[in-house]
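Peer 1: Compute the structure for the input listed below.
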Amino acid sequence: MKVLVSAMQDSLDADVSPVFGRCPVYVFVDSETMQFEAEPNPAMSAAGGAGIQAAQFAVSKGAQAVLTGNVGPNAFNVLQAAGMTIYPVSGGTVRQAVEAYKDGKLQPVSGATAGMHGGMGGGMGRGMGMGRGMGAGAWSPPTTPPPTTGAKSAPEELSELKDVAQSLRQQLDEITKRIDNLEQKE
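Peer 2: Model (predicted):
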């Protein structure tokens, strides 16, 4: 079966991206042979509608299932309408995600796992940065640490916090790369 994994880079050993619509790369993997093809996400830098565009791309490439971090409602609806099943993955590599999928360790979702514009960072669109990304908009990462309720054991909470930290490191790496690319163009 051909599965799509949202990834940070173009290999089986790349980290799974915490977002679907704006991830850097899609890795299409034959779950039987582990043969893969990596494609840059054509919607990553879209001004709007990235989730829908990304989902349409996934459908056009013939993927039958999606393994990803969070998926927004628009992308979810497009993928579901095409008959694709979405499996949430929190961390690990593309290879690990596909292995977990093959071993039946992933559970499909029945709805979006992120709100509208979840992968955009909630920047509020104030545009006060004079075109240099320095605005005073209220930026917050799409993944936040779960609240401490006392209902979880220390190892469970530690594991969740490590997953969040890994996701934030990936996001910071992506932002740093984008900054470097923009500075080289100046």
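Peer 1: Show me the contact partners of stretch 84-97.
Peer 2: By CB atoms under 8 Å, 6 or more residues apart in numbering, the residues outside stretch 84-97 that reach it are 5, 7, 11-16, 18, 27, 29, 34, 36, 58-59, 63-71, 76, 79-80, 100-101, 106-109, 113, 163, 166-167. Every residue, glycine included, has its C-beta placed from N, CA and C.
Peer 1: and this structure, what are its domains?
Peer 2: Following automatic domain parsing, one finds the domains of the chain at 2-102, 121-185.
Peer 1: will you turn these into CSV that also has mean neighbour count and mean pLDDT?
Peer 2: Listed next are those as CSV, based on neighbours: other CB atoms under 10 Å; pLDDT from 0 to 100:
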stretch, mean neighbour count, mean pLDDT
domain 2-102, 20, 91
domain 121-185, 12, 55
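Peer 1: now the helices for this structure?
Peer 2: Along the chain, counting by DSSP state H, helices occupy 50-60, 73-81, 94-102, 154-185.
Peer 1: out of the ones you listed, which comes closest to residue 43?
Peer 2: The closest of the helices of the chain to residue 43 is helix 50-60. By CB to CB, the value is 3.7 Å.
Peer 1: what angle do that closest one and helix 73-81 make?
Peer 2: For helix 50-60 against helix 73-81, the angle by axes from the mean of the first three to the mean of the last three CA atoms, to 10 degrees is 20 degrees.
Peer 1: Show me what helix 50-60 is packed against.
Peer 2: Where contact means 3 or more CB pairs under 8 Å, 6 or more residues apart in numbering; DSSP states H and E, helix 50-60 is packed against strand 25-30, helix 73-81.
Peer 1: okay, these in a markdown table with distance to residue 90 next?
Peer 2: Listed next are the helices and strands packed on helix 50-60 as a markdown table, based on distance: least, CB to CB, whole Å:
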| stretch | distance to residue 90 |
| --- | --- |
| strand 25-30 | 17 |
| helix 73-81 | 17 |
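Peer 1: who's in contact with the residue nearest to residue 53 when sequence neighbours are not counted?
Peer 2: Counting by CB to CB, 6 or more residues apart in numbering, residue 53 lies nearest to residue 43, which is 3.7 Å off, once chain neighbours are set aside. By CB under 8 Å, 6+ apart, the residues touching residue 43 are 21-22, 49-51, 53-54, 57.
Peer 1: quick one on the thing from earlier: quick one, which of the helices and strands packed on helix 50-60 gets closest to residue 172.
Peer 2: strand 25-30 (17.4 Å).
Peer 1: Would you mind saying which of the helices and strands packed on helix 50-60 lies nearest residue 182?
Peer 2: strand 25-30 (19.5 Å).
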